[in-house]
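1. Have a look; sequence and predicted model below, questions after that.
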Amino acid sequence: MMPRHFRGDRRLLLFGIIGIILSVVPDARAQDIRWLRVSDLQSFVTNIGMEYETQGTTGNLNYFSWPAQYSIDQNTVRSRLLWMGCKNFNDPVDGKLKSVKVVGSGPRDFDDRPNQIFEQEMRVIGRAAHPIVTVVTDVTQRASLLDQYDAVDDVDPSLPCDRMVVIRFNTSMGISVTKKVMVFANSLHGNYFLYDYVFKNTGIINRSGTVRSQTLQEVQFYFAYRYAFAGVSSNGWGSTWGAFASTWGNSTLHHAFGKDPNTSEFTYAGSPQRGFYSYYGPNSASNQAALTYAEDWGCPNVTEGDGMLGSAKYAGVIILHADRSASDNTDDPYQPKTSWFIGADIQEMQPGNQSQYDVTQMTQRYNIMTEGHPPLPHDQTVGEGVYPENYNDPRRSNAMQGQGFGPYSLALGDSIHIVFAEGVAGISWEKGKEVGGNWIKWRNGRGQPPLTMPGGASTTDFNLYKRRWVETGKDSILKALGNAIDNYASGYTLPQPPPAPSEFTVESGGDRIRLTWASNAKSHPKFGGYVIYRSMGTVLDYRSTYEKIFECDASNAVHQFDDVTANRGFDYFYYVQSKDDGTQIPGTTLYSSLFWTVTSVAARLQRPAVTSTLDSVRVVPNPYDIRGRFFQFGDRSQYDQIAVFGLPPVATLKIFTERGDLIWSKDHTSGTGDVIWTSQTMAGQMIASGVYILAVETPDNRSVIRKFIVIR
């Protein structure tokens, strides 16, 4: 008989083996997301078809951010969905002939989704690896957000775009999907994503790869978009001014166009186009002092009194190609066949109504997918002067914009190809500050600056002035989508800027901050030089302002610049862009994306080290009063900095409480004369008011003590 202790050991071993097996078997509910953050439009993408509500990010749970130079929280999308449906489906899942079959993902996750979508592959391909960005201050640090977010699986120099995410998944309807998301990181094409879908009838109906062959009848592919132009006006910055309800899109207006190619209101290069654009409409539920309908265009910041426009942006989709049929791969100008807007919170959108077994539920969704075109687009249906959230239609309020393609017949092996671009554009962030600032001075009676309309005319109607500038976003988004049309039509061979420098180093010095960068861009046949921008706030803060501090042309190109205009005691952030010579597109200079090189770690002037004595060591300011921190170190995002000046090149710094508890220490080895302390203990806690003691000791055993006071 087996000894009892050995039987117990075997049970433990068996449980351990089971645990190992379970740890390597993929969770059917798990989703992978990958980030695209190399251009001014940034987002994650998912491996299950579409990005659903609450899936990926922080703050108000939105994504698809623009302009991301002013915070990743410049969000525009709440959720999307992709549904696929057909008629008369012999369903091997439960062995029944179903009059309708619908599967998909979004706008929310649901329990049956892992039984409908079977993930196969997700990888990111890059034309080049992202640059190495380094900041040297007290220590040398990698200083690019791309080190964390730009996870490239393969590098392909022949890639037609800068980044491509390739996603493959199968479905329980027997359709396998290959989705490519393409991003172009340059100044002309950086505000749209291009999506390339191939839907193929492979007959694969489960996660194990079982094939059931049948022809799929009256197949429909349906996309819908829930835009929410909340951005930084309603996130987590602490002093938000937009209505929280706008984070789920109840203030969004949609305008679809092109349902009849013979009468499309938007033509490009002489050809009628089909798609839609969406934008922020006035919101009666503002968190601010009550704003009228006329006042809330662009969501101005009244709370803080600067008038900043938080939502002066438009989003949109343009259809680039949709197959006529499985046997005719020419573009069908009548697709999409459905462009109705649809309520995001109706019963058919809820997780409990996404079953692939309930024919009644699937019929309801299939009817949405095939509803056709509305008499009027959403914004005209809501009507001028009506708050979008008060549009009182139970199926249409809080609307998503839908696009339905079909019907198609797909025999085994047949496929359908659909390509579209999705972008965001509007007046620049700087222009939004200017327009909003002028508007609020008039509104609040603080001044009457000149009000120049987009066409150049003058006005004294400050509400109309702001609205007309906001509405130029329509032209901006159509221009961006036109750029996508050109790019697709060219086979992705449009002119490109020189590549960004492959290395960028920012080194803090005693009397200057030195910037150096690699010369790889000079090999581009249309190389035109470099430009450098600087800010006193990070790219993560919408309040940051970048100014150009250096530019050179190809004839005088250098690869080092000393910033001698930086002021002591302030933090600085930089980026360098390569530019072309302006001859590829006459009248236009192409720049590499700033996100290749923008620094996320602060550089600051360092004082020269003092070698002869420790008498010059001092704590600045002393006393430190939290009420004066803005005047001491400037930017609001860089709180509670206390400087130690007059240091030797090498020393150990320790800070103690008045009773002798060590709360912070640092080995100072940079060879400079100063160190910045952020008033945090080694455990990351902010210090309280009180008397503190600084001890400085050199390797040759010299030491000095300094007392300082903190008032909080």
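-> Here it is on my side, so go on. Numbering: from 1, shown residues only.

2. chain center to the lengthiest helix in the chain, what's the gap?
-> Of all segments of type helix in the chain, defined using DSSP state H, the longest is helix 462-489. Taking C-alpha atoms, centre = their mean, to the nearest Å, one finds helix 462-489 lying 19 Å from the centre of the chain it belongs to.

3. Likewise for stretch 182-197?
-> With C-alpha atoms, centre = their mean as the basis, stretch 182-197 stands 13 Å off its chain's centre.

4. Now do that stretch: distance from first to last residue.
-> Separation of the first and last residues of stretch 182-197 by C-alpha to C-alpha, to the nearest Å is 11 Å.

5. circling back: any idea how far the helix or strand just after the longest helix of the chain is from the middle of the chain?
-> Read in the C-terminal direction, the helix or strand following helix 462-489 is strand 503-508, with elements assigned using DSSP states H and E. Here strand 503-508 shows a centroid-to-chain-centroid distance of 26 Å under the convention C-alpha atoms, centre = their mean.

6. Please apply the same query to stretch 519-526.
-> Between the centre of stretch 519-526 and the centre of its chain there are 29 Å (C-alpha atoms, centre = their mean).

7. what comes up buried for that stretch?
-> Using 16 or more other C-beta atoms under 10 Å as the burial criterion, the residues of stretch 519-526 that qualify are 520, 521, 524, 526. Using the backbone N, CA and C atoms, a C-beta is placed for each residue, glycine as well.

8. same question, stretch 294-301
-> 295, 296, 297, 298, 299, 300, 301.

9. Might you report the residue contacts of the first one?
-> Okay, so that is residue 295. Contacts for residue 295 (C-beta atoms under 8 Å, 6 or more residues apart in numbering) come out as 282, 443, 463.

10. one more time with 7 Å
-> residue 463 (C-beta atoms under 7 Å, 6 or more residues apart in numbering).

11. How about the secondary structure of it?
-> Classification of residue 295 using DSSP: H, G, I helix; E, B strand; the rest coil returns coil.

12. tell me the pLDDT at it?
-> pLDDT, residue 295: 95.

13. go on, the fourth one?
-> Per-residue pLDDT puts residue 298 at 95.

14. my hunch is that it is in a strand, does that hold up?
-> No. Judged by three-state DSSP, residue 298 forms no part of a strand; its state is coil.

15. Test my guess that it contacts residue 311.
-> Yes. Under the criterion of C-beta atoms under 7 Å, residue 298 lies in contact with residue 311, with a separation of 5.9 Å.

16. Domain map for the protein?
-> Residue ranges of the domains in the chain are recorded as 33-127+162-426, 503-596, 618-711, according to automatic domain parsing.

17. and the longest helix of the chain, average pLDDT?
-> Mean pLDDT, helix 462-489: 98.

18. helices and strands around that helix, which ones?
-> If contacts are counted by 3 or more C-beta pairs under 7 Å, 6 or more residues apart in numbering; DSSP states H and E, helix 462-489 sits against strand 192-204, strand 275-280, strand 313-322, strand 415-426, helix 429-443.

19. Let me know how buried residue 157 is, in neighbour terms.
-> Counted with other C-beta atoms under 10 Å, the burial measure for residue 157 works out to 7 neighbours.

20. same thing with residue 276?
-> The number of residues packed around residue 276, counting by other C-beta under 10 Å, is 27.

21. State the helix or strand in which the residue lying closest to it once chain neighbours are set aside lies.
-> Counting by C-beta to C-beta, 6 or more residues apart in numbering, residue 256 is the residue found nearest to residue 276 once chain neighbours are left out, at 4.1 Å. Using DSSP H and E, residue 256 sits within strand 252-257.

22. buried set for that strand?
-> When burial is assessed from 16+ other C-beta under 10 Å, strand 252-257 yields the following buried residues: 252, 253, 254, 255, 256, 257.

23. Pretty sure the first one sits against residue 228.
-> Yes. With contact defined as C-beta under 7 Å, residue 252 counts as touching residue 228 (6.3 Å).

24. which residues does residue 226 contact?
-> By C-beta under 7 Å, 6+ apart, the contact set of residue 226 is 77, 78, 79, 80, 107, 249, 344, 400.

25. what bridges to the third one?
-> With DSSP bridges as the criterion, residue 79 is bridged to residue 226.

26. Can you check the distance spanned by stretch 569-582, start to finish?
-> Across stretch 569-582, the straight-line distance between its terminal residues is 39 Å, by C-alpha to C-alpha.

27. For that stretch, which residues meet the burial criterion?
-> Quick answer for stretch 569-582 (16+ other C-beta under 10 Å): 569-581.

28. Also stretch 443-463?
-> Of the residues in stretch 443-463, those buried by neighbour count under the rule 16+ other C-beta under 10 Å are 443, 451, 462, 463.

29. Quick check: beta-bridge partners of residue 423?
-> residue 192, residue 316.

30. Wait, it touches residue 194, no?
-> No. With contact defined as C-beta under 7 Å, residue 423 does not reach residue 194; the gap is 9.2 Å.

31. neighbour-wise, which of the two wins?
-> A direct count of neighbours by other C-beta under 10 Å for residue 423 and residue 194 places residue 423 higher, at 28 against 24.

32. State the distance from the more buried one to residue 345.
-> Residue 423 sits 26 Å away from residue 345, going by C-beta to C-beta, to the nearest Å.

33. Grab the nearest non-local neighbour of residue 428.
-> Across the structure, with C-beta to C-beta, 6+ apart as the measure, the residue nearest residue 428 apart from its sequence neighbours is residue 67 (7.4 Å).

34. what's around residue 480, how many residues?
-> Around residue 480 there are 27 other residues, counting by other C-beta under 10 Å.

35. circling back to that earlier point, if you compare the helices and strands packed on helix 462-489, which one is most tucked away?
-> Counting by mean count of other C-beta atoms under 10 Å, strand 275-280 has the highest mean neighbour count of those, with a mean of 29.

36. Tell me which of the buried residues of stretch 569-582 fall in helices.
-> Using DSSP H to define helices, no part of the buried residues of stretch 569-582 is located there.

37. Looking at the residues you listed, spot the one nearest residue 150.
-> Within the set of those, residue 575 lies nearest residue 150; the separation is 15.1 Å, counting by C-beta to C-beta.

38. Bridge partners for the closest one, pull those for me.
-> Listed beta-bridge partners, residue 575: residue 533 (assigned using DSSP bridges).

39. doesn't residue 597 make contact with it?
-> Yes. With the criterion set as C-beta under 7 Å, residue 575 and residue 597 qualify as a contacting pair; they are 4.7 Å apart.
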